[in-house]
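[1] how would this look folded up:
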Amino acid sequence: MSLRSRSLELLVFTVGAGTLGAEIAAARLLAPWFGASTIVWANTIAIVLVALSVGYALGGRMADRDPHPSGLAKIVMVASALLAVVPFVSGPFLREAVKAVDQLSAATFVGSLVGVGVLLAIPLLLLGMVSPYAVRLRVDSIEGAGHTAGRLYAISTVGSLVGTFLAALLLIPVVGTRRTFLVFAAAMALSALPHLARRWWPAAAVPVLILGLIALPTGTVKSADTQGARVIWERETEYQYARVIQEADGTRYLELNEGHAVHSAYRPGHWLTGNYWDEMLALAYAGGRAPDSVAILGSAAGTTARQLGHYLPATRVDAVEIDGELTKVGRELFDLHGPNLHTHTADARPWLEETDRRFDVIMLDCYRQPYIPFYLTTREFFALAKQHLDPGGVLVINSAHPEGSDTLEKVLTATLRTSFGDHVWRDASQPTNSQLVATTGPDPAEGLRAALPGLPADLSPVVAATAARIEPGLDGGRVYTDDVAPVEWLVDMSLAGEA
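    Predicted coordinates:
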């Protein structure tokens with residue numbers, strides 16, 4: 001095989017890697033603004049597929065008109081330059097989209113999505129032209145056409161596989177989304193250089209410029225929206241985009257992805273937050289006494305774990321969080337400490353499957369709108385949780401939801417009743433948060449009132465107010481199972497309904 005043939009195969013491999021790597025990076029580019037729901041992924045995949053389909057058709061036709069390696073190289077150079085520009089110029093579209101979400105303006109929201117789609121679609125369309133163009137360049141006779149086409153498409157597919165894992169497992173966690181775009185763009189531009197005609201060699205400046213952009217400092221992905229607040233920490237972790245916002249009075253908030261919900265809060269010298277974490281803390285007493293052990297599934301930066309460490313220093317607290325970076329920033333910026341705190345970096349359900357411990361209280365705070373792990377909403381999971389409760393134990397679930405929507409809560413309640421019978425209650429503590437309480441003992445309101453004597457003065461009113469709000473769980477939901485649990489569809493439809 002000639003050197004030119006090998007360099008053509010390298011180009012096809014690199015473009016395959018860049019195409020799928022760009023798709024993964026595109027989803028992460030959108031996540032801080034739109035989240036990572038099924039709708040966002042569907043939009044991203046649809047843009048990629050449509051762009052590639054059009055590119056395949058155009059690439060074959062252009063190759064027939066100009067069957068020269070330099071023509072293919074020029075296409076890759078232009079696509080690389082455009083792909084490198086995407087993370088720099090997409091900001092205005094994304095900002096308008098976020099404003100549209102806040103204002104519930106469907107027209108602006110759709111328009112912004114289309115704008116971002118165009119930014120991604122143009123370079124992806126050009127990359128789609130590469131494989132059919134390369135086949136045309138390699139086919140010398142009709143007898144070998146099938147073998148040549150199969151080989152080149154196989155090389156492209158292997159490249160796509162490498163690009164997918166390279167982006168997801170290495171580049172995005174280590175260097176971030178912007179530099180992931182740039183790395184793939186630079187690699188494709190470099191692989192196109194050997195195919196340029198002599199008069200096109202000034203285009204060699206393209207990969208040099210892209211490599212120079214990689215060296216630029218990234219800064220923050222997006223600025224704080226609240227007047228007087230500033231970003232003091234941000235990271236693209238293995239699982240999500242996360243940032244910490246600090247207000248002028250020192251209060252800190254942890255935001256994930258699109259930032260429409262706060263996942264942890266911390267104010268120096270204060271233990272109660274005035275938000276749903278206080279109700280979760282209060283419901284730790286639903287068994288009628290201070291619990292000896294509490295498991296928190298989905299602890300984020302540890303607001304509830306910190307509260308428990310302060311008010312219940314003798315209680316063992318197992319804080320489970322799938323994203324270890326959140327636990328780390330909790331210790332650094334959210335005072336996540338406690339005399340009997342044990343942190344675990346693990347997925348909630350596998351951790352619960354593997355542990356042989358039983359608990360007085362299990363708290364589930366993993367439902368992060370608009371993406372909820374379906375396997376934490378099912379009959380099988382709630383049965384597992386009950387198995388890990390001591391006699392008289394309590395399962396507390398924070399059910400976040402769009403204001404005015406109770407669809408998810410009804411589903412969770414119906415599913416909880418398959419394990420806990422009629423021992424399922426609700427505490428509608430916040431407009432966008434309801435605490436669901438399933439017990440193996442008596443009415444949690446009675447337990448809370450029994451625990452009131454002797455509570456700290458600042459905590460007693462919270463516990464008393466929680467006891468007064470508790471009522472039986474809602475009726476009318478569908479039971480979810482590991483086999484059928486369309487929670488993504490349910491949540492997406494709820495959000496669409498609100499909009």
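
[2] counting contacts, what elements does the helix or strand where residue 417 lies pack onto?
    Per DSSP states H and E: residue 417 is located in helix 407-420. Counting contacts by 3 or more CB pairs under 8 Å, 6 or more residues apart in numbering; DSSP states H and E, helix 407-420 packs against helix 379-387, strand 389-400, strand 424-430, strand 433-439, helix 487-498. Where C-beta positions appear, they are placed from N, C-alpha and C, glycine not excepted.

[3] buried set for the first one?
    Neighbour-count burial for helix 379-387 flags 379, 380, 381, 382, 385, 386 (criterion: 16 or more other CB atoms under 10 Å).

[4] pull the distance from it to the chain's centre.
    25 Å (CA atoms, centre = their mean, to the nearest Å).

[5] show me the contact partners of that helix.
    349, 352-353, 362, 364, 375, 395, 415-416, 418-420, 438, 440, 479-482 (CB atoms under 8 Å, 6 or more residues apart in numbering).

[6] swap the cut-off to 6 Å and go again
    349, 352, 362, 395, 415, 416, 418, 419, 479, 481, 482 (CB atoms under 6 Å, 6 or more residues apart in numbering).

[7] neighbours of the fourth one, how many?
    By that I understand residue 395. Using other CB atoms under 10 Å, residue 395 is surrounded by 28 other residues.

[8] and the pLDDT for it?
    For residue 395, the pLDDT comes out at 98.

[9] for the residue nearest to it when sequence neighbours are not counted, give the beta-bridge partners.
    Counting by CB to CB, 6 or more residues apart in numbering, residue 395 lies nearest to residue 438, which is 4.4 Å off, once chain neighbours are set aside. Using DSSP bridges, the bridge partners assigned to residue 438 are residue 395, residue 424.

[10] name all residues that make contact with residue 210.
    By CB under 6 Å, 6+ apart, the residues touching residue 210 are 84, 182, 185, 186.

[11] next, give phi and psi for residue 364.
    Taking degrees, to the nearest 10, you get phi -110, psi 110 for the backbone angles of residue 364.

[12] correct me, but it touches residue 397?
    Yes: using CB atoms under 6 Å, residue 364 is in contact with residue 397, at 4.5 Å.

[13] of those two, who's got more company?
    Neighbour comparison, residue 364 and residue 397: the larger count goes to residue 397, with 28 against 25 (by other CB under 10 Å).

[14] and the more buried one, how far is that from residue 352?
    Look at residue 397 and residue 352: by CB to CB, to the nearest Å, they are 14 Å apart.

[15] residue 185: which element?
    helix 177-192.

[16] need the contact partners of that helix.
    Helix 177-192 has contacts (CB under 6 Å, 6+ apart) with 10-11, 14-15, 18, 21-22, 25, 28-29, 73, 76-77, 80, 83-84, 86-87, 167, 171-172, 206-207, 210-211, 213-214, 218, 236.

[17] what about the helices in the stretch 51-200 of the chain?
    Here the stretch 51-200 of the chain has its helices, by DSSP state H, counting those that start in this stretch, at 69-89, 91-103, 106-128, 130-138, 145-165, 172-175, 177-192.

[18] report all helices and strands that the lengthiest helix in the chain contacts.
    Scanning the chain for the helix with the most residues, using DSSP state H, yields helix 3-34. Under the contact criterion of 3 or more CB pairs under 6 Å, 6 or more residues apart in numbering; DSSP states H and E, helix 3-34 touches helix 38-65, helix 106-128, helix 130-138, helix 145-165, helix 177-192.

[19] how close does residue 424 sit to residue 275?
    Taking CB to CB, one finds residue 424 at 23 Å from residue 275.

[20] the two: who's more crowded?
    Per other CB under 10 Å, whichever of residue 424 and residue 275 has more neighbours is residue 424, with 23 against 14.

[21] residues contacting the more buried one?
    Shown in contact with residue 424 (CB under 6 Å, 6+ apart): 413, 416, 417, 438, 473.

[22] turn the residues you listed into CSV, including pLDDT, distance to residue 193 and neighbour count.
    Listed next are these as CSV, based on pLDDT from 0 to 100; distance: CB to CB, whole Å; neighbours: other CB atoms under 10 Å:
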residue, pLDDT, distance to residue 193, neighbour count
413, 96, 62, 25
416, 97, 61, 26
417, 97, 65, 19
438, 97, 63, 26
473, 94, 65, 22
